[in-house]
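A.B. asks: sequence unknown, structure follows:
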């Protein structure tokens, strides 16, 4: 019955005019297709001195349980460093929530559905059961994103509309102040944390790596965990590295020297990518991890599209692949760093491994083409895993519950592209995400 209902809703959604289609999918299909979301009792917190980019009051949300463990999730959603990207005119390639955070934000689509880690379960889909995750029942600090500076900026900038149509925009890159305020408040609410998992996706993933040193020292848990989902801070010691132009731009716009100058000497101000070395060596007993897709075509566009030519899709992928390979080589130097890097999935342009659903969020170290005689089973699929097929839920269990280092860097393959289920589910989820 559920499968029939999904099919009917999908057809109905496709018949709706484009402008209204996303609303139909959000209100109807997601609630059926994705058995996710949460109905937690949330406490809204507003602290003096914290601001969104437009100067409005910053808000975050806390959910309390009887668990000794704490999840702090930093929301993703682009970045900004000029009028178009900060005002919202640039759309998906700009900053999220340019108009601030509503009082009921935590009940809206993004906060309610986006993170299985927050919701404590990989959501059920038609013919697929809901699976509890390691964070089920944990205390939660949910940190919305409205400053355009990956939660770590420390500047007030005036951006001029180059078209002359609007007056200059004063923007508060106050992510650093907000993040520290959140961590300090969380410490008062959760003074004796056993396991502390700081995570985020996209810009929130970058924030996890950039802000872990500060938040972890404030929370001071018995055991710390860092999981950066698809917000890599790549090595870029000089202009020959493709991420250097982006790093130089945000260094100036967000006044990052004022923040990163507070980090220990294991971090080099001349190379933002050394943030990974710093957290690994400063917290040698913590478990740290990066996850993201090799074919990411979202964060990769932020990294290169506005700074390099050629900037067509395959060129952007090539730049990303080079930086990603260097990141893996760097992480291999530290015993407490894991990585989980699948090749691609059609959901959200292969961006983010831990959002909405874990369908397609799996990785295999030896994904290879089938032999001719292997097509009897699943003849539509020309790829097979010749090592262990590890799902995101399994990775999280090993990483958090077992304190196990997991390293999977999946080779190029078309497994997800040939999956019939992905072909059905991905367009519906992308519609809900506005992609």
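C.D. replies: Received, thanks. Bear in mind that the values here come from a model prediction, so they are computed numbers and not experimental data. Numbering: from 1, shown residues only.
A.B. asks: residues in contact with the residue nearest to residue 159 when sequence neighbours are not counted?
C.D. replies: Excluding the flanking residues, the one nearest residue 159 by Cβ to Cβ, 6 or more residues apart in numbering is residue 83, at 4.1 Å. All C-beta spots, glycine's among them, are computed from the backbone N, C-alpha and C. Contacts here follow Cβ atoms under 8 Å, 6 or more residues apart in numbering; on that basis residue 83 touches 89, 159, 160, 161, 162, 166, 168, 169.
A.B. asks: Wait, residue 433 touches residue 357, no?
C.D. replies: No. Contact status for residue 433 versus residue 357: not in contact, 11.4 Å apart, counting by Cβ atoms under 8 Å.
A.B. asks: avg pLDDT for stretch 81-89?
C.D. replies: Throughout stretch 81-89, pLDDT has a mean value of 93.
A.B. asks: For that stretch, what is the distance to the chain centroid?
C.D. replies: Offset of stretch 81-89 from its chain centre (Cα atoms, centre = their mean, to the nearest Å): 21 Å.
A.B. asks: now do stretch 132-149
C.D. replies: Offset of stretch 132-149 from its chain centre (Cα atoms, centre = their mean): 11 Å.
A.B. asks: go on, stretch 82-101?
C.D. replies: That offset, for stretch 82-101, works out to 18 Å (Cα atoms, centre = their mean).
A.B. asks: likewise stretch 314-328?
C.D. replies: That offset, for stretch 314-328, works out to 18 Å (Cα atoms, centre = their mean).
A.B. asks: Over to stretch 293-300?
C.D. replies: So, by Cα atoms, centre = their mean, the centroid of stretch 293-300 is 11 Å from its chain's centroid.
A.B. asks: That stretch: end-to-end distance?
C.D. replies: Distance between the two ends of stretch 293-300: 10 Å, counting by Cα to Cα, to the nearest Å.
A.B. asks: Okay, buried residues for it please.
C.D. replies: Within stretch 293-300, the residues that qualify as buried are 293, 294, 295, 296, 297, 298, 299, 300, counting by 16 or more other Cβ atoms under 10 Å.
A.B. asks: same deal with stretch 37-54?
C.D. replies: Buried, per 16+ other Cβ under 10 Å, within stretch 37-54: 37, 38, 40, 42, 45, 50, 51, 52, 53, 54.
A.B. asks: Please apply the same query to stretch 414-424.
C.D. replies: Quick answer for stretch 414-424 (16+ other Cβ under 10 Å): 415, 416, 417, 419, 422.
A.B. asks: neighbouring contacts of that stretch?
C.D. replies: So stretch 414-424 is contacted by 10, 342-347, 359-360, 364, 367, 380-383, 385 (Cβ under 8 Å, 6+ apart).
A.B. asks: what mean pLDDT would you report for it?
C.D. replies: Mean predicted lDDT for stretch 414-424 stands at 93.
A.B. asks: ok, back up a step: okay, the buried residues of stretch 293-300 in a markdown table with secondary structure and pLDDT next?
C.D. replies: Converted to a markdown table, the buried residues of stretch 293-300 look like this (DSSP: H, G, I helix; E, B strand; the rest coil; pLDDT from 0 to 100):
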| residue | secondary structure | pLDDT |
| --- | --- | --- |
| 293 | coil | 98 |
| 294 | coil | 98 |
| 295 | coil | 98 |
| 296 | coil | 98 |
| 297 | coil | 97 |
| 298 | coil | 95 |
| 299 | helix | 96 |
| 300 | helix | 97 |
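A.B. asks: Now that we have the contacts of stretch 414-424, which of them are buried?
C.D. replies: Of those, these count as buried by 16+ other Cβ under 10 Å: 10, 342-347, 359-360, 364, 367, 383, 385.
A.B. asks: Could I get the contacting residues of residue 164?
C.D. replies: So residue 164 contacts nothing (Cβ under 8 Å, 6+ apart).
A.B. asks: wait, is it part of a strand?
C.D. replies: No. Under DSSP: H, G, I helix; E, B strand; the rest coil, residue 164 sits outside any strand and is assigned coil.
A.B. asks: now it: how far from residue 174?
C.D. replies: Computed as Cβ to Cβ, to the nearest Å, the residue 164 to residue 174 distance reads 28 Å.
A.B. asks: Which secondary structure state is assigned to the residue in the chain sticking out farthest from the centre?
C.D. replies: Centroid-distance maximum for the chain: residue 373 at 39.7 Å, with Cα atoms, centre = their mean. Three-state call for residue 373 (three-state DSSP): helix.
A.B. asks: what about it, distance to residue 379?
C.D. replies: According to Cβ to Cβ, residue 373 stands 12 Å off from residue 379.
A.B. asks: Equivalent analysis for residue 103, please.
C.D. replies: For residue 103, the distance to residue 379 - Cβ to Cβ - is 53 Å.
A.B. asks: okay, now residue 323: neighbour count?
C.D. replies: 21 (other Cβ atoms under 10 Å).
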